[in-house]
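Visitor: just need the structure, nothing else, for what follows:
(chains A and B, ligands or ions: 2)
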Amino acid sequence: MTLSHLATEDVFVVERNDADFRAGQGMTKGLGIVFRKFRKALFGKPNSDRADTEGQFNVQYPEERLAMPEAYRNMPILLYDDATGHELCTSCFQCERICPPQVIHITQAKDPATGKPVPAAAKFVLEYDTCMSCGYCAEVCPFDAIKMDHDFELSTANHPELDVDYNRLLRPVSYYETIAPTMWSDVKEQAMKKLQNNIKRRPGDIGRDHGQKIKGGAPVAAAATPAAGAAPAAAAKPRGPVAAIGKNMPEDKTAKLLAIRAANAAKRGGGAADAAPVAQAAPVVEAVADAPAAVSAAPTGPVAAIGQNMSEDKRAKLEAIRAAKRAERGE
Amino acid sequence: MADALTQLGFASWLSVLIASIIKVTLILVGGSVGMMFLTWYERRSISYMQDRRGPNRVGPQGLLQPISEAIKTMTKEDATPRDADKIVHFLAPVVMLGATVLSFAVIPWGRMFPVDLNAAVLFVIATGGLHSIGMMMAGWGSNNKFALLGGMRGVAQLISYEIPQVMAIIPVVLMTGSMSLQKIVEAQNDFAGLGWYVFSPVGLLGFALFFTASLAEGERTPFDIPEADSEIIAGYMTEYSGMKFAVFYLSNYMSNLAVCFITATLYLGGGNGPGVDALGGIAGGLLSLIYFLLKSFALFFVMVLIRATVPRLRVDQLMSFAWKFLLPLVLVNILSASFWVALLRWDQQWPKLTEWFGAPSTADATNWGRLAIAIVLTLLINAGAVALIMRLTNRNVQKHLYTTDEELALGLS
Ligand code: SF4
Ligand code: SF4
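Guide: Ligands and ions are numbered 1, 2, ... in the order given. Next up is the predicted model:
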């Protein structure tokens, strides 16, 4: 160990046994040192330099605070663009997958007209109580949408309050810029570019309909979309496996299928048509993420769903394709 | 006070009763308030020694911290172990606190003496000795091995340190010719209130020895072996919680306070100081109280300083320190105190001295010639003894620390 950063008077050498006569020098010297520390801490300047060994080290916390390092991380937050009010998150599920304690829960937003997934999250719930502040989510996010906040005064007596939803997770980009300016300027350009691309693919207010945003004129969540209210009703009719089918079907068949669906939806008419496809993103997600596994695990599910909307011959063809696939896999 | 009440028309037995009740209340309140202040004082000063600030939130500068802590301990659950000896377990803190409070009966506050006992010194020692009973009761009654170990260690420590402590007072008693604390304080009032015993060679050595032994009595670091947290949790207090624990805590700090008061009284002239006699009356009494508290808290600061500096001794080191270091020095100090008294007081034994330097005065030590001889003689004796014993201890330490090559070759040690 080197002591070179200490001034010579900071190094105390206590001679122990090389003197023949020892009248408690070690003890008196020690008392002297402690008294000097007492004097310096009481009357001296507060310690400002980490190499310094004396003076008051304490920061009087609620009144005084240390400046946080930029990379300090406490709890994740989600960013939105100040100008447009659009959230940066595209609901790509990277963070949900990497999170070690699995405390991120995302529901993908869907286009109410077509039922197709939209690069935005409908719901985003994070359990702050179990999050371990590892920052993996912020590391992995390809859209720089989730970032680690500096606010650590989150203690509460109300435990359920720690399941934080989208509205409480959102922070403007300008806020993140103030707490981590260089870290943001490193990624700013590409993040904004990706956001512009995503905004193009977001119909209506999707992607900016959460929270009370100050800028960008985003509407308040509940009024904008019936998604939240309709969700339980829609859950009864699983619409999910569209994507799974799409993967296994030729281009034209998919198009036909979608046309039929649209027609059916029109027949049912009204708000229900809007609401139904929006909800139930979760099964879709699973199918997208892990299509073969999902199919093999629950083959009846998709079949039933298909059956409702398809003519006899189409179903036969589909079954044939499926059988072939199964044969390929050797079942 | 009783006389004043009788003059006011109370029956004599009633005035004595009322006066006693007032005194007891004052002592108890003074003792506990002093103890509360002491906890705050210790924590603040040790914090600054460790480059911290200590409790500074409750009240101005954290002065009300002890009160909030008192409320906290009072509202805590008071658990008694299932297999404990319930009665002994309950009585132990009472005995401890009782012993401490008793000693406050004779401790003067400046020049105010609650009770002027003619054997006050003996009384203080005796009540101090009662502590070991409380400790042993707590250790035994808890039915816990750590508590028992702590209690045994406490008793062993108290017994060995009581001897140097008591014998360190003997010079003071010899020099004063009385065991009354009031007389001892009066005897230190020469030289405009600065004739404190600590300024004489005998008193200086006695002060150092008595204070060191008292640290062990009050279980202060480096002698906190009975409650060595790193070894036996909290020693005899392990099984105590809530109010009972608070009572132990109270009695510990009160006994520390008592030690400071007694040391200040015996060696630092109590409430004596320049200006006390000149002022006289109530103002003088207040000044003496201020002097006295200043001295006591300065002593307590030294205790805190030692606690912040010195690590805990091992049990064997503790014992050898008491028996091989303190005890011989204390004996030598009694010897030189005898010389001191002989030179300054007993003129019939030294007729030649009376011829040369005039008759000695018993009231004050202003006989310069005799004083000079006494100082030189006792200084020589004491310094010689200290040097000799330090040298011997040093040899022993060296011998135990190192094994020489020859010893290794011979297969010794
Ligand atoms: S910081 Fe870690 S634990 Fe917390 S949400 Fe992100 S990935 Fe999960
Ligand atoms: S926060 Fe980032 S990683 Fe997580 S879903 Fe949104 S865009 Fe993907």
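
Visitor: residue A:189 versus the closest residue to residue B:227 other than its chain neighbours, what's the distance?
Guide: In space, residue B:227 comes closest to residue B:235 once its chain neighbours are excluded; the distance is 3.6 Å by C-beta to C-beta, 6 or more residues apart in numbering or on different chains. Glycine gets a C-beta too; all of them are placed from N, C-alpha and C. Noted for residue B:235: a distance of 66 Å to residue A:189, by C-beta to C-beta, to the nearest Å.

Visitor: what about these two, which has more around it?
Guide: Of the pair residue B:235 and residue A:189, residue B:235 is the one with more neighbours under other C-beta atoms under 10 Å in any protein chain shown, namely 26 against 9.

Visitor: can you list phi and psi of that one for me?
Guide: Phi and psi for residue B:235, reported as degrees, to the nearest 10, are phi 60, psi -140.

Visitor: look at it and report its pLDDT.
Guide: Among the per-residue scores, residue B:235 shows a pLDDT of 80.

Visitor: what's it in contact with, if anything?
Guide: B:139, B:146-147, B:149-151, B:153-154, B:226-228 (C-beta atoms under 8 Å, 6 or more residues apart in numbering or on different chains).

Visitor: how near is it to residue A:321?
Guide: From residue B:235 to residue A:321 the distance is 81 Å (C-beta to C-beta).

Visitor: ok, now residue B:84?
Guide: 79 Å.

Visitor: neighbour-wise, which of the two wins?
Guide: Legend: neighbour count by other C-beta under 10 Å for residue B:84 and residue A:321, higher for residue B:84 (18 against 14).

Visitor: hang on, residue A:79 in a strand?
Guide: Yes: assignment of residue A:79 by DSSP: H, G, I helix; E, B strand; the rest coil places it within a strand.

Visitor: could you list the low-confidence segments of the stretch 101-250 of chain B?
Guide: By pLDDT under 70, the weakly predicted segments of the stretch 101-250 of chain B are B:110, B:114, B:193.

Visitor: where along it do the helices fall?
Guide: Along the stretch 101-250 of chain B, counting by DSSP state H, counting those that start in this stretch, helices occupy B:120-141, B:145-176, B:181-187, B:190-193, B:201-217, B:229-232, B:242-267.

Visitor: go on, the stretch 51-200 of chain A?
Guide: A:94-98, A:136-140, A:166-169, A:173-179, A:181-200.

Visitor: can you list these in JSON lines and add mean pLDDT and distance to chain B?
Guide: JSON lines is the format used below for the helices of the stretch 51-200 of chain A (pLDDT from 0 to 100; distance: least, C-beta to the nearest C-beta, whole Å):
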{"stretch": "helix A:94-98", "mean pLDDT": "92", "distance to chain B": "40"}
{"stretch": "helix A:136-140", "mean pLDDT": "92", "distance to chain B": "35"}
{"stretch": "helix A:166-169", "mean pLDDT": "85", "distance to chain B": "31"}
{"stretch": "helix A:173-179", "mean pLDDT": "88", "distance to chain B": "28"}
{"stretch": "helix A:181-200", "mean pLDDT": "88", "distance to chain B": "33"}
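
Visitor: CSV for the ones you listed, including distance to residue A:48?
Guide: Below are those laid out as CSV (distance: least, C-beta to C-beta, whole Å):
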stretch, distance to residue A:48
helix A:94-98, 39
helix A:136-140, 32
helix A:166-169, 37
helix A:173-179, 23
helix A:181-200, 24
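
Visitor: out of these, which is closest to residue B:209?
Guide: helix A:173-179 (61.7 Å; C-beta to C-beta).

Visitor: wait, does that closest one contact ligand 2?
Guide: No: counting by C-beta under 6 Å from any ligand atom, ligand 2 has no neighbours in helix A:173-179; the shortest distance is 13.1 Å.

Visitor: who are the packing partners of that helix?
Guide: strand A:76-80, helix A:181-200 (3 or more C-beta pairs under 8 Å, 6 or more residues apart in numbering or on different chains; DSSP states H and E).

Visitor: which one of these is the most hemmed in?
Guide: strand A:76-80 (a mean of 25; mean count of other C-beta atoms under 10 Å in any protein chain shown).

Visitor: for the most centrally placed residue in chain B, give its distance to ligand 1.
Guide: In chain B, the residue lying closest to the centroid (C-alpha atoms, centre = their mean) is residue B:259, at 2.4 Å. Distance of residue B:259 to ligand 1, computed by C-beta to the nearest ligand atom, to the nearest Å: 55 Å.

Visitor: format the helices of the stretch 101-250 of chain B as a markdown table; extra columns: distance to residue B:68.
Guide: Below are the helices of the stretch 101-250 of chain B laid out as a markdown table (distance: least, C-beta to C-beta, whole Å):
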| stretch | distance to residue B:68 |
| --- | --- |
| helix B:120-141 | 26 |
| helix B:145-176 | 28 |
| helix B:181-187 | 35 |
| helix B:190-193 | 40 |
| helix B:201-217 | 29 |
| helix B:229-232 | 23 |
| helix B:242-267 | 13 |
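
Visitor: I'd like to know which of the helices of the stretch 51-200 of chain A is closest to residue B:131.
Guide: That would be helix A:173-179 among those, by C-beta to C-beta, at 57.8 Å.

Visitor: tell me the buried residues in that closest one?
Guide: Buried residues in helix A:173-179, counting neighbours by 16 or more other C-beta atoms under 10 Å in any protein chain shown, are found at A:173, A:175-177, A:179.

Visitor: next up, phi/psi of residue B:58, please.
Guide: phi -80, psi 110.

Visitor: wait, what's in contact with it?
Guide: Residues near residue B:58 by C-beta under 8 Å, 6+ apart: B:64-65, B:67-68.

Visitor: dump these to TSV, plus distance to ligand 2, neighbour count and pLDDT.
Guide: TSV is the format used below for these (distance: C-beta to the nearest ligand atom, whole Å; neighbours: other C-beta atoms under 10 Å in any protein chain shown; pLDDT from 0 to 100):
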residue	distance to ligand 2	neighbour count	pLDDT
B:64	49	15	87
B:65	46	20	87
B:67	51	13	87
B:68	45	13	88
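
Visitor: helices - which of those land there?
Guide: Judged by DSSP state H, the contacts of residue B:58 include B:65, B:67-68 as members of helices.

Visitor: now, among those residues, which is nearest to residue B:171?
Guide: So of the ones in helices among the contacts of residue B:58, ranked by how close each gets to residue B:171 (C-beta to C-beta), first place is residue B:65, at 39.8 Å.

Visitor: that closest one contacts residue B:42, correct?
Guide: No: judged on C-beta atoms under 8 Å, residue B:65 makes no contact with residue B:42 at a distance of 11.4 Å.
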